Structures are given as C-alpha cells and as structure tokens.
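Peer 1: turn this into a structure:
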Amino acid sequence: MEEKTGRTDVQDFSEISWLNYGRIFMKTEMEMKVLALKISKGYVEKLVIDRDEKRPAEECEHKTIYAAAFGALQAYNGISVKNQHTRQAILDAAENILSNMLPRCNTYETLYIPLNEILKKWEKTK
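Peer 2: Below you'll find the model as predicted:
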C-alpha cells in the first residue's frame with residue numbers, strides 16, 4: 001500500500017492525497033469531509049423562473065447539503081470503476097435526494113456543479 005499526501009486545506013484541492021490500492025483510488029474520510037464542507041457552504045434558492053438567489057447556507061441547509069455531498073463522495077469512493085457513468089448515477093441520486101430535502105433549493109447550482117467538478121478531478125488522479 002502506497003500513500004501519497006498533499007494539501008487538504010479548503011482553498012486548494014488540486015493536490016489532495018489519495019490511497020492507491022492496486023488500481024482503486026480512494027480518498028480518506030477526512031478528505032471527503034473537507035470536500036463536502038466546501039460544497040455545503042453555498043446555497044442557491046429558487047425564487048421565480050430564471051431568477052435565483054445565491055447566498056450562504058443557513059445552519060439547517062448547510063447540514064442537509066453537507067449530508068448529501070458527503071454521502072455522494074462516500075458512494076463514489078467505494079466504487080472500483082470510476083468513470084462518467086458511475087459519476088453521473090451518483091450525481092443524479094445526490095441531486096434528487098437534496099431536491100426532496102430542500103424543495104426551494106436550486107440543486108443543480110448548489111450541489112451538482114461543484115460535486116461534478118470534484119468527481120471529474122478525482123477520475124483524473126488515476
């Protein structure tokens with residue numbers, strides 16, 4: 001087992017560490033928590049058609065977004081084949097869960113976009 005370490009601060013995730021078990025690349029639990037925390041800071045509320053409000057997430061919203069993001073990261077971490085199909089399935093499930101928990105939330109901008117960027121970078125660490 002080889003372990004490579006990198007920065008885990010909230011500002012820069014380009015060099016985040018990963019564990020290499022053969023061909024399965026995994027993040028540590030702490031790294032996934034930091035990534036989920038980064039995602040959960042923002043909230044986009046649906047106001048009317050074609051006009052949404054971006055603002056910091058309130059405490060209850062933050063916890064809900066964090067739970068959805070962390071769950072998606074854990075699911076992706078446990079999959080041995082990380083590709084566009086598994087990424088899309090996890091993104092769709094996380095977005096659906098969040099839309100049921102926060103109906104006024106624009107889940108695409110709040111969760112889908114930032115989570116998709118993280119998972120794409122994750123695939124490139126191979």
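
Peer 1: report the secondary structure state of residue 55.
Peer 2: Using DSSP: H, G, I helix; E, B strand; the rest coil, the structure places residue 55 in strand.

Peer 1: burial of it, as a residue count?
Peer 2: The number of residues packed near residue 55 is 11, by other C-beta atoms under 10 Å. (Each C-beta comes from the backbone N, C-alpha and C, glycine too.)

Peer 1: so who does it touch?
Peer 2: By C-beta atoms under 8 Å, 6 or more residues apart in numbering, the residues touching residue 55 are 42, 43, 44, 45.

Peer 1: run through the bridge partners of it.
Peer 2: The residues listed as beta-bridge partners of residue 55 by DSSP bridges are residue 43.

Peer 1: quick one: it from residue 62, how far?
Peer 2: Between residue 55 and residue 62 the distance, using C-beta to C-beta, to the nearest Å, works out to 12 Å.

Peer 1: overlap in contacts, the two.
Peer 2: A shared contact of residue 55 and residue 62, defined by C-beta under 8 Å, 6+ apart, is any residue touching both; here these are residue 43.

Peer 1: how deep is residue 104 tucked in, by neighbour count?
Peer 2: For residue 104, which is what you asked about, the neighbour count (other C-beta under 10 Å) is 13.

Peer 1: and what about residue 81, helix, strand or coil?
Peer 2: Remark: residue 81 carries the secondary structure label coil [criterion: three-state DSSP].

Peer 1: what's the distance between it and residue 29?
Peer 2: Here the distance between residue 81 and residue 29 works out to 21 Å (C-beta to C-beta).
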